[in-house]
Each structure stands twice: as C-alpha cells, then as structure tokens.
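Student: I need the structure of the sequence given here:
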Amino acid sequence: STDNRYWEQWIAKHEGDIQDVITAKNIVLELHNLENDIPTYRKYESWEKLNKQIASAQQSKVKLFSGTASYSQLGWIMTAAASLVLVITTFLAIEYTDLLPRPVSDVEQQKVTAILTSSTKFGQQKVITLDSGTRITLNANSSVTYHDGWIFQDTVQVALEGEAFFDVVPRSADEGPVFQVKTSDGNIHVLGTRFVVSTWDQKTKVVLEEGQVAIERKGNPRSVKKTLLQPDELAEFSQSHSDILIKNVNANIYTSWTKGLFVFERAPLPVVADRIEKIFGKEVQIADQELITEHVSGAVENDNLEVLLSALSQTLQISVEQDQDTIIFRDDVVNGLLKSNTN
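Tutor: I've put the predicted structure just below:
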C-alpha cells in the first residue's frame, strides 16, 4: 500500500535511525486501528489532551535547541520525532486506561432494566401486570414490548403490535411517570384510564372506555397536535392519512373480548369474517354475494371457534364448511334454489 512504500523509503534513506522509524511507524498504525473503536466524544477529549502535551513538548524543544545550533537538520528531526513518540505513547496509555471497563455502582445497576416482549398465538389471550399495577390484556396474535422496572423513567412506554386492552392505574402528573402506548402510527398518552388499542390493517384504532387519553399521530414534531379522546369514542389514524378520525361508539362492544365474548351489533358479515381471521388465523371466504349484506347481532363465547360458527350458521341460516385452515360461508337459500333448478 502507499503507507508501506512511504515507510520503506524512509528506512532505506535513514538506515542509522531504523529502530526509531520502525517504532514511530508502529505507533502511528496502532493509532489508526484504535481510532475506529473510540467513541466520538472520547476522540475530542483525547485530542485536547494531545494538543496540550504537544504544546508543552514544543516549548521544551525551543529551550533544548536554542544553544545547539551545531545539530544537523536530520538530527533535529529525529530528536523531535523522539519527543513526539513520547507524547503519542503517553496518549495511548491515557486512552487505554480510559477504555478499560470500570466498576458499575449499585445505583447504576438499578437503572439498567430489561426489555421484555410478550406475545400470543392465534386463539390465545394473556394478562400482563406491570410494576405500577397497570394491567395489559393481550389479545390473540399480538405482542407487546416494555421495560421491566420504571423507577428511573419519566414515561412508561409500551410498544404494541396487534390488539390489547389497557387498565392503567390512575395517577396525577406529579405522582409518577406518564403511561404511553406506542404504535407505528403514533402515540397514546394517558395518566389513568381504560381503553383498547388495535394496530391491525396498517392503522391504529383506539376506543376509550373510561378516563381520557391524548392521541399524537406520527409526523413532523412541530406540526403534530394532540387530540383528546372521551369515553365511548373511537379514534382511527395512520401514517398514510393526515387526519385523526373520531366517531361515537359503544365501547363495550370493542372491549367485550376481554370478558370472553364476541359481541356484535348489526355488524356486516365481512366484518365478522375479518374478526375470525385475526383471532383464529383462519381464511374466511364468503361464497355467495347475497351474504355480503347480511348483518350479525348478538353475543357468543370467543374462546371456541366451533361454537361461534354454529351460532352464525343458525342465526343467518347459512352453511359453514371447513377445509383445514379455510372456512367457507354459503347461502343455504341460494344453494337450495340452484339445486332445485338443476333437478
């Protein structure tokens, strides 16, 4: 390489000083290798130290050479190089000492908290209780990530993928950290309340059952405004839309799954089918277009797919077929007419 040729030429011209040149070369190469491993802020600190030591060495050189005009130019360079080697060696010693691991105090150890992730499979629910007493009910096919311990945190932040119900212990702003749910679309801020959050279908839905939450859509921090949500309101927002849509709903319908129920209130059959896909991981097909306009009302246990399908079949007078991971809804009336016509 260019660096190697440079040093080889130097050695060839100054054979008498070969040992000093080799030493200087090795130190410079070591500095180059060490540079990539040192954090930026350490480099600035060490550079200031080096500058001070070089300035001190230069003052010493002036006094040393003021009465030695008989030295040749090469001798002056080698003496200066020796001084620089001393400074660089000191620099390396300082950096090595600074980079050594230091004992961690008990206070610092308490500040280190583990990041935990809890997940559920299709058809499964899980309850997580945080140190503060806040309870998170995680729905099927979902995951939540949080820190284990919040004593040193100003904000309790939980990242969600899927659907979860949050029962946050009430507290005032000066009593402890603010609770925050983070999704890919934004943040939900709360001091104490009960609400459900869903992140399915590339958007975030928040339904408030009790208390008050502030919603902050992801975007330019300077232009983002927090939107307050009241009980029995649903907020929907995503990265692809600039607005937060809010509408009045019956919160009990959206939180009924935490009580072991599917509750529908004039829900279109495609909405019911979509819910089955997300909770149980089955593909649902509606074979007949006439069923698209059918609506479902009622309540049924949500921990048993067979019971749910049986209830749908009896309520809508439809046939339900299962083929491995696929569920097919068929209209019995339409299929009956087709059979009679073919006969």
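Student: and Pro270, helix, strand or coil?
Tutor: Three-state assignment for Pro270 (DSSP: H, G, I helix; E, B strand; the rest coil): helix.
Student: cross-check the contact I'm expecting between it and Ile286.
Tutor: Yes. Pro270 lies in contact with Ile286 (C-beta atoms under 8 Å); the separation is 6.7 Å. Where you see a C-beta, it was placed from the backbone N, CA and C, and this is true even at glycine.
Student: which outside residues touch stretch 125-143?
Tutor: Residues outside stretch 125-143 that contact it (C-beta atoms under 8 Å, 6 or more residues apart in numbering): 117-124, 144, 146, 148-151, 156, 158, 160-169, 176-177, 179, 257-258, 278-281.
Student: follow-up on the earlier one: now do the shared contacts for Pro270 and Ile286.
Tutor: Common contacts of Pro270 and Ile286 (C-beta under 8 Å, 6+ apart): Ile292.
Student: helix or strand: which one has Ser313?
Tutor: Using DSSP states H and E, Ser313 falls within helix 305-316.
Student: moving C-terminal of the helix or strand of the chain with the lowest mean pLDDT, what's the next helix or strand?
Tutor: Least confident helix or strand of the chain, by mean pLDDT, DSSP states H and E, is helix 106-111 with a mean of 45. Using DSSP H and E, the helix or strand that follows helix 106-111 towards the C-terminus is strand 115-119.
Student: what does that following strand rub up against?
Tutor: With contacts defined as C-beta under 8 Å, 6+ apart, strand 115-119 is touched by Lys126, Ile128, Leu138, Ser142, Ser143, Val144, Thr145, Tyr146, His147, Asp148.
Student: so for it, mean pLDDT?
Tutor: Averaged across strand 115-119, pLDDT comes to 91.
Student: what's opposite the closest residue to Leu245 other than its chain neighbours in the beta bridge?
Tutor: Nearest-residue entry for Leu245: Glu236, 4.6 Å, with adjacent residues in sequence omitted and distances by C-beta to C-beta, 6 or more residues apart in numbering. Assessed by DSSP bridges, Glu236 has beta-bridge partners Lys205, Leu245.
Student: fine by me, we can end here.
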